[in-house]
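Undergrad: give me a 3D structure for the following:
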Amino acid sequence: MKARTLSAGAVVVRWRDNVPHFLLLRAYNYWDFPKGEVEAGESPLDAARREIEEETSLCDLEFPWGTAYRETPVYGRGKIARFYLARSDRGAVALPFNPSLGRPEHHEFRWLPFSEARELLVERLQAILDWASQVVTAMPAASD
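TA: Got it, this is the predicted structure:
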């Protein structure tokens with residue numbers, strides 16, 4: 001069996017006018033949630049926190065829904081992406097400079113309500129968003 005590469009990240013949600021908005025990042029024409037490869041000796045949840053901070057500057061994440069996660073089916077060259085569900089009370093995202101790339105890793109970010117976010121995502125990520133939306137709708141954990 002071929003070795004798989006695990007990435008970890010989170011569907012990050014914040015509320016605006018009592019409506020959950022989800023954070024999406026764009027690299028070229030591809031929209032995704034913040035995530036990155038789990039490093040040796042690092043837990044997937046720690047990797048998710050690190051990657052989100054590296055990619056968005058968000059470091060005040062809360063995980064009011066616990067450590068439940070969903071994974072994508074295998075894609076690309078044996079990749080699997082694991083996503084937790086996090087809340088950020090601040091919407092000020094920055095796209096920091098990545099020294100290894102010589103530029104920010106992403107070109108744009110958006111906080112979007114469910115239907116607008118879903119339109120931008122590929123099918124394997126739509127399933128992740130569907131799960132996240134169901135969880136936050138059933139147990140909002142909002143802090144407007």
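Undergrad: helices of the protein, residue ranges please.
TA: 44-56, 114-120, 123-138 (DSSP state H).
Undergrad: just so I know, which of the ones you listed lies nearest E37?
TA: helix 44-56 (7.3 Å; C-beta to C-beta). (C-beta placed from N, C-alpha, C; glycine too.)
Undergrad: now Y28, nearest residue through space, not along the chain?
TA: H107 (6.9 Å; C-beta to C-beta, 6 or more residues apart in numbering).
Undergrad: what about F109, how many neighbours?
TA: 20 (other C-beta atoms under 10 Å).
Undergrad: look up how far L121 lies from it.
TA: 14 Å (C-beta to C-beta, to the nearest Å).
Undergrad: and for E55?
TA: Using C-beta to C-beta, E55 is found at 17 Å from L121.
Undergrad: between those two, who's got more neighbours?
TA: E55 (26 against 19).
Undergrad: which ones are touching the closest residue to that one other than its chain neighbours?
TA: Leaving aside its chain neighbours, E55 sits nearest to P34 (4.6 Å; criterion: C-beta to C-beta, 6+ apart). The contact partners of P34, taken as C-beta atoms under 8 Å, 6 or more residues apart in numbering, are 9-10, 12, 23, 25, 51-52, 55-56.
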